[in-house]
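**Student:** need coordinates for the below:
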Amino acid sequence: MIDLSVVIVSYNVATLLEDCLNSLYTDVPEGISLEVVVVDNASHDGSVELVKQKFPQVFVIPNSENYGFPVACNQGWQRTNGNYVFFLNPDARLEPGAISTLLTFMEQHPRAGICGPLLRYGDGSLQSNRRRFPSFKLALIESTVLQRYKPFKNLSLLKRYYFEDVPLNFARPQEVDWLVGAAFIVRRAILEQLGGFDERFFMYSEEMDLCRRVKSAGWEVWFEPRAAVTHLEGRSSAQDVPRRHINFNTSKASYFRKHHGMVIGWALRQYLLMTYRYQFLEEGAKLLVRHKPQLRRERLSLIRAVLATRLLPSKFPRPSFSKGLCLLSAEFPPQPGGVGDYTACLASELAQVASVRVLTGVRGKEEQLVAQTYRVVRPIKVWNWGSLRQVASYLEQYPADVLNIQYQSGAYELHPAVNFLPLYLKRKLGRNCPLIVTTFHDLREPYLFPKAGKVRSWVNLRLMKDSDVAVVTNEEDYHNALEGGVTASHLKLIPIGSNITPLEPLIEAEKKAERGKWGAGEDDFLVGYFGLLNHSKGVDNLLDALSLLKNEKGWKLVIIGGSTGETDVTNHPYALQLFAQIERLGLAEYIHWTGYLSSSETSRALYALDAVAFPFRDGVSLRRGSLMAALAHGIPVLTTNRNSASEAWLTNSLAYDNIREALSLLDNSVLSVALENPTALAEALRKLRTEPDLRASLSSHALAFSRHFDWQTIAKSFLEVFSAC
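**Tutor:** Sure, this is the predicted structure:
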């Protein structure tokens with residue numbers, strides 16, 4: 001688990017941002033795991049490029065527009081995993097020991113929800129950041145034209161607001177009402193509980209509002225003077241002074257409306273407008289007597305801009321998917337399985353543009369990685385009817401713009417509950433129900449009861465039709481969905497990608513060393529099989545083909561992974577059948593089992609092979625993640641022809657134009673043979689071994705094919721689906 005997440009919201013302060021990040025990484029104590037997110041609000045000074053170049057470990061969210069400070073803060077913390085979130089302005093510099101002091105305080109004070117350091121100006125003088133909540137009377141004076149005049153400068157009301165009535169003890173923390181938001185640390189539990197910052201504020205008063213809600217929820221806000229931060233103050237807002245005045249006063253009125261009522265909020269807004277009208281008359285009179293005319297014109301222009309807004313909250317741009325995306329999957333790493341790997345790859349890519357949560361079951365240990373850009377939540381113990389309530393409860397607590405269900409009936413233990421999830425959520429959540437997009441990894445039917453017959457296929461169609469959009473991953477499922485009555489406008493085809501990220505190809509010495517682990521000689525021809533052991537994948541046919549080749553010198557089969565997984569109960573007996581077949585055919589010495597490999601280890605193993613064989617019983621298809629992984633590595637692939645039934649409807653219907661293009665690319669990227677034909681498999685393997693030009697051609701076409709189905713392209717396709725609804 002990450003100890004500390006740092007969120008920095010930046011706007012056109014590239015140099016200051018660099019200094020801030022340098023001070024941050026200098027101050028990180030040993031033994032503290034840290035992640036940093038920079039949210040850039042559409043800077044045009046090269047801030048994003050600077051961070052990516054000089055701080056590659058930082059996760060950057062480059063907004064296309066300035067969405068305001070609270071929105072950006074929420075974007076940032078929702079992408080993090082730390083127990084504590086440190087909100088830090090880009091014009092701030094951490095003084096030595098600041099992080100460790102703040103973290104130590106939070107650990108020792110379990111009721112502390114927020115803790116902030118002592119702030120200093122650039123010249124070393126103290127910057128006031130302790131505050132009490134303002135009264136309406138104080139709001140009429142503080143930061144208005146009245147505060148310029150001597151009778152109002154030293155009011156006890158102001159001294160109390162700024163905590164000047166309590167002497168500062170540099171060695172003693174102090175509980176306060178709220179803190180200036182240039183730098184403070186917040187418990188993640190509180191952000192989760194309250195939903196983060198109120199996005200109705202654009203800038204200013206949002207930290208006061210957060211602190212008030214934190215205290216109302218029973219937590220404490222503390223000032224820790226033993227931690228210090230230098231704050232250069234206002235470098236972003238100073239770029240547009242009229243807008244700073246507008247934002248400050250609009251937020252001030254909005255805060256009082258929210259916490260003191262509509263009448264008080266309206267009265268304060270009218271009063272603030274009156275102060276600007278007074279200043280307009282004052283500046284106009286000075287201009288008439290030619291007193292610093294240029295300055296007067298600038299101030300009059302500023303005041304006119306403020307008055308034109310009437311200090312009413314304006315609509316400002318909001319990011320797409322501001323609530324975030326939720327992916328529901330019954331399996332997820334480290335639990336083995338293609339659907340879980342698919343979900344992890346998709347979540348990682350979608351997290352580049354939106355906040356992402358993966359909702360899954362408790363099987364498999366909780367695994368939060370520092371580099372992970374999305375959150376994994378495992379509340380569901382068993383996939384049954386009770387899981388519907390659990391998903392609904394989670395979405396009530398953590399609303400999302402989109403729920404993307406990853407559906408494979410075996411992963412949900414063949415229980416039909418998930419098939420009724422869209423219908424349940426729409427009735428339970430009503431208008432707060434997210435857009436529901438279901439990705440069908442296959443159309444295998446759930447178990448209902450003996451002799452359920454057509455009812456089982458009806459349950460799958462129920463899930464398709466109740467979802468706002470149904471996504472299928474291959475041509476056969478697309479066809480079956482249309483045949484089942486799903487309209488083409490309701491259905492999208494998005495092929496899967498490789499669930500193994502390719503590393504850099506191995507150099508010859510590395511390849512030789514990898515092959516040596518498997519006992520392969522320099523002249524041996526290594527054929528690989530990658531994936532779970534499942535009857536549909538035809539591994540028994542591959543073993544029969546190997547038995548036809550074993551008397552020829554130099555053949556070896558490497559089975560990468562080769563586990564049975566946890567989602568299909570038929571896999572285990574099939575594996576036992578394979579072991580018996582290996583024994584019967586005398587193939588043990590020709591086969592090497594790698595066992596479970598990590599993604600990077602699998603990538604290295606694939607690069608060390610001469611070819612990969614996938615003798616699928618149902619023919620080559622876009623839905624096979626293991627096939628996509630081999631192609632992404634540029635490994636020559638031997639597989640089986642598509643079945644004749646699919647060829648017929650693919651050829652005759654205009655509805656499949658887009659699919660035909662993808663399949664044409666696939667056909668040029670693999671060598672295929674007839675279904676259920678070990679002899680043809682053996683002949684094709686000989687052909688691959690003896691024709692290096694064929695292997696080179698297949699490798700080149702495989703890499704070209706994979707560029708059409710990388711995860712960035714897949715994520716873009718999903719985002720287009722999400723946005724179109």
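
**Student:** and the residue nearest the centre of the protein?
**Tutor:** The chain has Ala351 as the residue nearest its centroid, 2.5 Å off, counting by C-alpha atoms, centre = their mean.

**Student:** surely Tyr67 meets Arg318?
**Tutor:** Yes. If you go by C-beta atoms under 8 Å, Tyr67 and Arg318 touch, sitting 6.4 Å apart. Every residue, glycine included, has its C-beta placed from N, CA and C.

**Student:** what ranges do the strands span in the stretch 51-200 of the chain?
**Tutor:** 59-63, 84-88, 92-94, 112-120, 126-127, 130-131, 174-176, 178-179, 183-187 (DSSP state E, counting those that start in this stretch).

**Student:** can I get these in a markdown table with distance to Glu475 and mean neighbour count?
**Tutor:** What follows is the strands of the stretch 51-200 of the chain, written out as a markdown table (distance: least, C-beta to C-beta, whole Å; neighbours: other C-beta atoms under 10 Å):
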| stretch | distance to Glu475 | mean neighbour count |
| --- | --- | --- |
| strand 59-63 | 36 | 21 |
| strand 84-88 | 45 | 25 |
| strand 92-94 | 55 | 23 |
| strand 112-120 | 53 | 24 |
| strand 126-127 | 64 | 14 |
| strand 130-131 | 63 | 21 |
| strand 174-176 | 63 | 16 |
| strand 178-179 | 58 | 24 |
| strand 183-187 | 49 | 26 |
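
**Student:** immediately after the lengthiest strand in the chain, which helix or strand?
**Tutor:** As assigned by DSSP state E, the longest strand anywhere in the chain is strand 220-231. Downstream of strand 220-231, the first helix or strand assigned by DSSP states H and E is helix 241-260.

**Student:** quick one: low-confidence parts of this protein?
**Tutor:** For the chain, the stretches flagged by pLDDT under 70 are 1-2, 234-238, 363-372, 444-457, 565-568, 644-660.

**Student:** domains in it, by residue range?
**Tutor:** Under the assignment automatic domain parsing, the domains of the chain span 4-238, 241-309, 325-493, 508-709.

**Student:** start and end of the third one, how far apart?
**Tutor:** Going back to what we said before, that points to domain 325-493. With C-alpha to C-alpha, to the nearest Å as the measure, domain 325-493 spans 20 Å from end to end.

**Student:** now that domain, how far from the centre of its chain.
**Tutor:** Put simply, domain 325-493 sits 17 Å off its chain's centre (C-alpha atoms, centre = their mean, to the nearest Å).

**Student:** one more: the shortest one?
**Tutor:** For domain 241-309, the distance from its own C-alpha centre to the chain's C-alpha centre is 41 Å (C-alpha atoms, centre = their mean).

**Student:** endpoint to endpoint, it covers what distance?
**Tutor:** Counting by C-alpha to C-alpha, you get 15 Å between the two ends of domain 241-309.

**Student:** alpha carbons only: can I get the longest strand of the chain in PDB?
**Tutor:** Presented in PDB, the C-alpha positions along strand 220-231 are these (Å, rounded to 0.1, in the frame of the first residue of the first chain):
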ATOM      1  CA  GLU A 220     -10.400  17.400  13.400                       C
ATOM      2  CA  VAL A 221      -8.300  19.900  11.500                       C
ATOM      3  CA  TRP A 222      -4.800  20.600  12.800                       C
ATOM      4  CA  PHE A 223      -2.000  23.100  12.200                       C
ATOM      5  CA  GLU A 224       1.500  21.600  12.600                       C
ATOM      6  CA  PRO A 225       4.200  24.400  12.800                       C
ATOM      7  CA  ARG A 226       7.100  22.000  13.100                       C
ATOM      8  CA  ALA A 227       6.600  21.300   9.400                       C
ATOM      9  CA  ALA A 228       7.200  24.200   7.200                       C
ATOM     10  CA  VAL A 229       6.600  25.100   3.500                       C
ATOM     11  CA  THR A 230       7.600  28.200   1.600                       C
ATOM     12  CA  HIS A 231       4.700  29.500  -0.400                       C
END
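
**Student:** mind giving me the packing neighbours of the single longest helix found in the chain?
**Tutor:** Determined from DSSP state H, the single longest helix within the chain is helix 262-288. Counting contacts by 3 or more C-beta pairs under 8 Å, 6 or more residues apart in numbering; DSSP states H and E, helix 262-288 is packed against helix 136-139, helix 241-260, helix 293-309.

**Student:** picking up where we left off before, can I get the domains of the chain in CSV with distance to Ala715?
**Tutor:** Putting the domains of the chain into CSV (distance: least, C-beta to C-beta, whole Å) gives the following:
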stretch, distance to Ala715
domain 4-238, 15
domain 241-309, 34
domain 325-493, 4
domain 508-709, 12
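
**Student:** I'd say Val339 and Leu328 touch.
**Tutor:** No. The criterion here is C-beta under 8 Å, and Val339 misses it with Leu328 at 11.0 Å.

**Student:** for Ser322, see how far away the residue nearest to Thr144 when sequence neighbours are not counted is.
**Tutor:** Of all residues not flanking Thr144 in the chain, Thr275 sits nearest, at 5.1 Å (C-beta to C-beta, 6 or more residues apart in numbering). To Ser322, Thr275 is 34 Å away according to C-beta to C-beta, to the nearest Å.

**Student:** same question for Glu283.
**Tutor:** When distance is defined by C-beta to C-beta, Glu283 is 40 Å away from Ser322.
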